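Asker: quick check, what structure comes out for this input:
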Amino acid sequence: MRALLARLSAIFVAVGLLLTSQVLTAPQRAAAADPGYLMVHFTGEGATNQQMYLSHSTDGVHWDDLDGGGMVLRSTVGTKGVRDPALVRAPGGGKYWIIATDLCIGCGQSWSDAINNGSRNLVVWESTDLVTWSQPWLLNVAGAIPDGRNAWAPEAIWDPETNDYVLYWATNTPLNGATKHRIYYARTSDFRTVTTPRTYIERPGTQEIIDTQIIEVPSGVGNYRYVRASGDGQITLEGSNSILGTWTTLGNLSGIGLTGSQVEGPMWMKFNGSDKWALYLDQYATSGGYMPVLTTDPSDPAAYRKQAAGSYDMGGTKKRHGWILNLTAAEESRVLARWPDTAVSRLQSYNYQDRYVRHANFDVRIDPGVSPAEDARFKVRTGLAGTGTVSFESVNYPGYFLRHSGFDFQLVHNDGTAQFAADASFRQVAGLADSTWSSFQSYNHPDRYIRHYGFQLRLDPITTATGRADATFRVTS
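Answerer: Residues are numbered from 1 along each chain as shown. Got it, this is the predicted structure:
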């Protein structure tokens, strides 16, 4: 009888899970007119993978790499590497920040260094339109924590009770007889200054906690206004009605076979137009990148369902610990226009065909045998000054463009001004020395062209055969 009852129970459970999983099937691709989702993430180890990448989705489970899978922001401060980004939108939508861990494993820093004597700073970028970003700056958040040894996995959420942001992150500290990662928090309104850090989440004994992300849940769903998911040996769920109030433990995802030894980096996403969420988890133990787990109630551990591998597509690059933003139609239009899948090109000199335009210490010249090769690779974009022009964006320093100043060329970060756009825009015309090649006429000095002189790039009027040869290039892969 016990065996029969066990079999019947198993059948009922299986049927229940099947019905529930049908309800939580990943949605079909949304109509093209619907605004989609933007994910900011890193892609792995190494200097280039520990930078900022963007992906876009129309339905929240099928992702396309923006800019052909190339990096879109590069840290030039601190360790010169970044991981675990959060993308924060101001309540009014007029300002955005990316905040990230200042960490570059394998770039002269080991995991032991990062844990015990890592950067106490976060890396921050700011934007007013989601496409033109400031230069990065360092925000010291852990320096005021006694013997704080690092600052990892930052997140932020707007607190309507105090009209500022609760910024929270993990720091490894010795406290109460245990050295481990705890979650600390501080308040900020601009991500340039913060209040004195305070302990936010601490697990008992020697148990660490590193990754935490909070989502606000609409009224009528579950019993809590806020739910947070944390990596602390499990993927633990907690609920509260106040960001800095009392949090209640709700359970974890071990019931669906997901523990902290398998996955990390919980990342929330709410599907547009429905009370359905995806909790993305980074399969770090198998180097698998993100996978979605779907639910109709973030506060109920029993409501989560893993998805079959064929029901989602993470795109061409590995997605690691990041953040998903539900886009407005205007934001989506700007983002997709800024980062189309543009081919990577080189500019070959006509009269020195073993030489290519490259940047070196942000100066611009033509050289043979360019090393690293990325210094001679550019995205030929629609011109910053508008239709009919082109601009040259560096592949390994995204956001940096070839710009003339005093008729000399440098690789310069786009400051978003009209003057920069004009200085960095050119009309591509038939080559002055060979019409099958190209020459590039200045947008704001139309009597002048890009040319090399003494192998340095400059902007000159062209009046001689030598000048015409110097001002002729081939756009090639």
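Asker: how far away is residue 416 from residue 53?
Answerer: 21 Å (Cβ to Cβ, to the nearest Å). Where you see a C-beta, it was placed from the backbone N, CA and C, and this is true even at glycine.
Asker: who's more crowded, those two?
Answerer: For residue 416 versus residue 53, neighbours defined as other Cβ atoms under 10 Å are more numerous around residue 53 (27 against 15).
Asker: what's in contact with whichever strand or helix holds the more buried one?
Answerer: Counting by DSSP states H and E, the element that carries residue 53 is strand 53-57. Outside strand 53-57, the residues within contact range by Cβ atoms under 8 Å, 6 or more residues apart in numbering are 36-43, 63-67, 69-72, 314-315, 317, 319, 332, 335-336, 339.
Asker: try it again with 6 Å
Answerer: With contacts defined as Cβ atoms under 6 Å, 6 or more residues apart in numbering, strand 53-57 is touched by 36-41, 43, 63-66, 71-72, 315.
Asker: okay, strands next: where are they in the stretch 201-350 of the chain?
Answerer: 211-216, 226-231, 235-240, 248-252, 264-270, 277-282, 290-295, 305-306, 320-326, 344-349 (DSSP state E, counting those that start in this stretch).
Asker: using CSV, please lay out those strands together with distance to residue 78.
Answerer: Rendered in CSV, the data for those read as follows (distance: least, Cβ to Cβ, whole Å):
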stretch, distance to residue 78
strand 211-216, 20
strand 226-231, 24
strand 235-240, 29
strand 248-252, 34
strand 264-270, 21
strand 277-282, 22
strand 290-295, 25
strand 305-306, 37
strand 320-326, 18
strand 344-349, 27
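Asker: so for residue 107, which of those strands sits nearest?
Answerer: strand 320-326 (15.7 Å; Cβ to Cβ).
Asker: packing partners for that closest one?
Answerer: Contacts defined by 3 or more Cβ pairs under 6 Å, 6 or more residues apart in numbering; DSSP states H and E place strand 320-326 against strand 37-42, strand 82-89, strand 264-270.
Asker: helices of the protein, residue ranges please.
Answerer: 2-23, 111-117, 329-338, 418-423, 465-470 (DSSP state H).
Asker: low-confidence regions, this protein specifically.
Answerer: By pLDDT under 70, the weakly predicted segments of the chain are 1-33.
Asker: quickly list the domain ranges of it.
Answerer: 16-338, 344-476 (automatic domain parsing).
Asker: sorry, back to before: pipe the strands of the stretch 201-350 of the chain into TSV and attach distance to residue 204 and mean neighbour count per row.
Answerer: Below are the strands of the stretch 201-350 of the chain laid out as TSV (distance: least, Cβ to Cβ, whole Å; neighbours: other Cβ atoms under 10 Å):
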stretch	distance to residue 204	mean neighbour count
strand 211-216	16	20
strand 226-231	14	25
strand 235-240	12	22
strand 248-252	12	15
strand 264-270	20	22
strand 277-282	23	26
strand 290-295	26	22
strand 305-306	29	18
strand 320-326	25	23
strand 344-349	51	19
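Asker: tell me which of those strands sits nearest to residue 362.
Answerer: Between the strands of the stretch 201-350 of the chain, strand 344-349 lies closest to residue 362; by Cβ to Cβ that is 16.7 Å.
Asker: contacts for that closest one?
Answerer: Residues contacting strand 344-349 (Cβ under 6 Å, 6+ apart): 355-357, 366, 376-378, 380, 395, 473-476.
Asker: let's see that with 10 Å instead.
Answerer: 68, 70, 354-358, 366-368, 370, 373-374, 376-380, 392, 395, 402, 437-438, 440, 450-452, 455, 457, 469-470, 472-477 (Cβ atoms under 10 Å, 6 or more residues apart in numbering).
Asker: show the buried residues in those residues.
Answerer: Listed as buried from those are 70, 355-358, 366-367, 370, 374, 376-380, 392, 395, 402, 437-438, 440, 450-452, 457, 469-470, 472-475; burial here means 16 or more other Cβ atoms under 10 Å.
Asker: what residues are up against residue 251?
Answerer: 234, 235, 236, 237, 238, 299, 300, 301, 302, 304.
Asker: could you redo the last one with a cut-off of 7 Å?
Answerer: 237, 301 (Cβ atoms under 7 Å, 6 or more residues apart in numbering).
Asker: could I get the helices and strands packed on strand 320-326 in a markdown table, plus columns for distance to residue 243?
Answerer: Shown next, in a markdown table, are the helices and strands packed on strand 320-326 (distance: least, Cβ to Cβ, whole Å):
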| stretch | distance to residue 243 |
| --- | --- |
| strand 37-42 | 22 |
| strand 82-89 | 14 |
| strand 264-270 | 14 |
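Asker: which residues does residue 183 contact?
Answerer: Residue 183 touches 168, 170, 200, 201, 209, 212, counting by Cβ under 7 Å, 6+ apart.
Asker: alright, calling it a day.
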